[in-house]
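S.K.: Fold the stuff below for me.
(one chain, ligands or ions: 1)
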Amino acid sequence: MRRRRAARAHRGDLDLLTQPSEGNVLNSDFLLKLAAEYDTPLYVYDGDMAVERYRDLYRFIPYDRLKVCCAMKANYNPGLLTLLRDAGAGLDTVSPGEVHMALALGFPKERIIYTANNMTDEEFEEVLATGVLMNIGSLSRLEKIAEKHPGMRLCLRFNPDVCDGDNVKTMTGGDLTKFGILLEAVEEVKQIVRRGNLKVVGLHEHTGSGLQRCESVYRSMENLMAIAVPENFPDLEFLDFGGGFKVPYKPDEARIDYVAMGAEIARLFEAFTRRYGRRLNMLFEPGKYIFAEAGVLLTEVNTIKHNRTRVIAGCDSGFPQLIRPVLYDAYHQVRNLSNPDGKPQIYDVCGNICETGDRFAEQRELPEIREYDILAIGNAGAYCYSMGGVYNLRAMPTEVVVSGGKVTYVRERLTSEQLCGRILGEGRFL
Ligand SMILES: *Cc1c(COP(=O)(O)O)cnc(C)c1O
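M.R.: From the prediction side, this is the model:
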């Protein structure tokens with residue numbers, strides 16, 4: 001509601017931004033049907049919502065040369081990425097594996113950017129051969145490129161010197177992170193670029209994930225734009241301001257007024273282009289904003305246990321399948337789809353992994369949970385499946401993508417036999 005009012009205040013009567021999930025395909029009845037059909041644990045993605053979130057950025061940032069590259073590390077589901085590809089999206093990739101997957105899914109190489117991070121020489125050559133533009137974040141790699149690949153076109157990643165994020169582990173600016181080149185190294189950068197006759201076509205910064213303050217976005221932009229002058233970098237075609245747009249995870253968490261933020265972003269960039277003397281492209285690389293709210297993890301409760309001080313609802317999924325609560329102390333909403341009107345009680349919602357910390361929610365008030373109830377863990381579209389693993393040798397859940405009211409893509413969970421066979425087939429005894 002907050003956001004709807006904010007949008008009106010800025011742009012008349014239009015509902016500019018995608019509304020959260022009530023009434024869309026992630027409603028309880030539909031999810032329960034999917035759980036019955038595909039079994040649990042099950043990831044369900046609303047592909048149309050992800051596409052609308054991608055389009056939101058064009059609605060809220062009024063600049064005609066905006067390009068949005070979705071951060072593939074947040075969600076690399078082929079069904080979702082195909083919908084985004086058809087909508088015109090680009091991809092931000094962070095490993096050779098992601099670059100290959102993006103190309104295999106039919107993204108034109110011109111729409112892909114590869115942001116390297118502690119890259120090996122072999123990885124450099126592997127990505128170079130694909131023709132995808134590389135975003136280089138260290139002086140030592142830049143030196144090697146100047147020496148071995150004179151004349152190369154590339155983008156440079158700088159550390160914006162702004163600390164923000166939903167967690168210290170997701171802040172990528174400031175003194176405590178490994179990312180980017182320091183802003184004050186710009187003279188050294190220029191020397192290396194000159195020596196290698198390199199063509200710097202883009203400058204990049206990424207401040208962090210889940211940015212809490214609009215001012216952080218503006219300050220990081222200003223810091224990058226301050227070095228993006230023709231005397232330093234005459235060949236620029238774009239500036240890339242990374243991702244980080246947050247969405248609410250808690251029920252009472254405010255939604256950022258992205259219409260107001262978008263207007264300010266466009267204003268700052270227009271002023272920059274006048275100073276620079278050319279209308280450059282403006283890139284953003286959101287992951288969380290596009291994917292987070294478009295996904296849920298469905299899990300069935302199989303065991304209710306009353307310990308001395310805690311009631312435990314034990315599920316058929318676990319933290320390797322959705323690690324954010326354990327890794328970041330992240331809050332994910334839990335809904336009891338099967339008994340929404342049950343009498344509220346306090347639960348620890350635990351997984352099936354042999355670790356005490358294996359909890360999706362701790363001491364959370366929920367409608368009474370019974371064995372065989374289906375729970376929906378919300379905001380599971382970003383950094384959930386993609387961070388997953390098979391610890392305890394439990395296969396990752398099935399994923400389904402829904403678009404136009406229908407399931408359009410299914411990726412089935414491996415059976416125990418398949419998982420075991422795959423691992424045994426990958427190695428050999430010598
Ligand atoms: C992770 C990442 C993003 C996306 O961040 P979100 O918080 O998901 O929007 C964008 N760019 C780079 C370089 C990243 O590493």
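S.K.: for this protein, longest strand please?
M.R.: For the chain, the longest strand by residue count, based on DSSP state E, is strand 295-306.
S.K.: Now tell me what touches it from outside.
M.R.: 26, 31, 34-35, 40-46, 75, 311-317, 321-322, 337, 360, 369-382, 384-385, 397 (C-beta atoms under 8 Å, 6 or more residues apart in numbering). (C-beta placed from N, C-alpha, C; glycine too.)
S.K.: Quick check: next helix or strand after it?
M.R.: Heading C-terminal from strand 295-306, the first helix or strand you meet, by DSSP states H and E, is strand 311-315.
S.K.: re the thing from before, what angle separates the longest strand of the chain from strand 311-315?
M.R.: 130 degrees (axes from the mean of the first three to the mean of the last three C-alpha atoms, to 10 degrees).
S.K.: how about the top helix by length along the chain: buried residues?
M.R.: What stands out as the longest helix in the chain, according to DSSP state H, is helix 258-276. Of the residues in helix 258-276, 258-259, 261-263, 265-266, 268-269, 272-273, 276 count as buried by neighbour count, 16 or more other C-beta atoms under 10 Å.
S.K.: The stretch 101-250 of the chain: strands as residue ranges?
M.R.: Listed in chain order, the strands of the stretch 101-250 of the chain (DSSP state E, counting those that start in this stretch) span 112-115, 133-136, 153-157, 199-204, 238-240.
S.K.: what about dumping the CA coordinates of the third one to PDB?
M.R.: The C-alpha trace of strand 153-157 is given here as PDB (Å, rounded to 0.1, in the frame of the first residue of the first chain):
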ATOM      1  CA  ARG A 153      38.100  -3.600 -24.900                       C
ATOM      2  CA  LEU A 154      37.100  -3.900 -21.300                       C
ATOM      3  CA  CYS A 155      35.200  -2.500 -18.300                       C
ATOM      4  CA  LEU A 156      36.900  -1.600 -15.000                       C
ATOM      5  CA  ARG A 157      35.300  -2.200 -11.600                       C
END
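S.K.: Where does the prediction get shaky in the chain?
M.R.: 1-24 (pLDDT under 70).
S.K.: Count residues in the vicinity of Val311, would you?
M.R.: Using other C-beta atoms under 10 Å, Val311 has 16 neighbouring residues.
S.K.: That one pairs with what?
M.R.: In this structure, Val311 has beta-bridge partners His306, where bridges are defined by DSSP bridges.
S.K.: I figured Pro41 hits Asp316, correct?
M.R.: Yes. Using C-beta atoms under 8 Å, Pro41 and Asp316 qualify as a contacting pair, with a distance of 5.6 Å.
S.K.: Among those two, which residue is more densely surrounded?
M.R.: Using other C-beta under 10 Å, the more surrounded residue of Pro41 and Asp316 is Pro41, with 25 against 21.
S.K.: residues contacting Tyr391?
M.R.: Applying C-beta under 8 Å, 6+ apart, we find Tyr391 in contact with 318-320, 353.
S.K.: With Glu205 instead?
M.R.: Listed by C-beta under 8 Å, 6+ apart, the contact partners of Glu205 are 157-160, 173, 180, 220, 223-224, 240-242.
S.K.: Against Glu187, how distant is the nearest residue to it once chain neighbours are set aside?
M.R.: Distances taken as C-beta to C-beta, 6 or more residues apart in numbering put Pro160 closest to Glu205, at 4.0 Å, once the chain neighbours are dropped. With the distance defined as C-beta to C-beta, to the nearest Å, Pro160 ends up 18 Å from Glu187.
S.K.: try Val301
M.R.: Here the distance between Val301 and Glu187 works out to 60 Å (C-beta to C-beta).
S.K.: between the two, which one's more packed in?
M.R.: A count of neighbours by other C-beta under 10 Å puts Val301 above the other of Val301 and Glu187, at 23 against 8.
S.K.: Could you give the bridge partners of that one?
M.R.: Bridge pairing for Val301 (DSSP bridges) gives the partners Cys315.
S.K.: Show me which residues of the stretch 51-200 of the chain sit near the ligand.
M.R.: With the criterion set to C-beta under 6 Å from any ligand atom, the stretch 51-200 of the chain comes near the ligand through 71, 73-74, 92, 94, 115.
S.K.: Now do the residue of the stretch 251-400 of the chain found nearest the ligand: how many residues are near it, please.
M.R.: Sorted by distance to the ligand under C-beta to the nearest ligand atom, the residues of the stretch 251-400 of the chain start with Gly287, at 2.6 Å. Each residue near Gly287 was counted by other C-beta under 10 Å, and the total is 24.
S.K.: Who are the contact partners of it?
M.R.: Gly287 makes contact with 70-75, 92, 209, 243, 382-383, according to C-beta under 8 Å, 6+ apart.
S.K.: repeat for Gln418
M.R.: When contacts are taken as C-beta under 8 Å, 6+ apart, Gln418 is in contact with Ala395.
S.K.: picking that back up, the residue nearest to Glu205 touches Thr207, doesn't it?
M.R.: Yes. Contact between Pro160 and Thr207 holds when scored by C-beta under 8 Å: they sit 5.3 Å apart.
S.K.: intersection of neighbour lists for the two?
M.R.: In the contact map built from C-beta under 8 Å, 6+ apart, the residues linked to both Pro160 and Thr207 are 173, 220.
S.K.: Give the buried residues for stretch 336-345.
M.R.: When neighbours are counted by 16+ other C-beta under 10 Å, the buried residues of stretch 336-345 are found to be 336-338.
S.K.: between these, which is nearest Leu203?
M.R.: Proximity of the buried residues of stretch 336-345 to Leu203 (C-beta to C-beta) peaks at Leu337, which lies at 46.4 Å.
S.K.: any idea how far Ala294 is from Glu52?
M.R.: 9 Å.
S.K.: actually Arg278, not the one I wrote
M.R.: Using C-beta to C-beta, one obtains 36 Å as the distance from Arg278 to Ala294.
S.K.: same question, Gly287
M.R.: Gly287 is 11 Å from Ala294, by C-beta to C-beta.
S.K.: same deal with Ala146?
M.R.: Ala146 sits 42 Å away from Ala294 when distances are taken as C-beta to C-beta.
S.K.: neighbour count winner among these two?
M.R.: It is Ala294, of Ala146 and Ala294, that has more neighbours when counted by other C-beta under 10 Å, with 30 against 19.
S.K.: wouldn't the more buried one be in contact with Met49 here?
M.R.: Yes. Taking C-beta under 8 Å as the contact criterion, Ala294 and Met49 are neighbours in contact, 4.1 Å apart.
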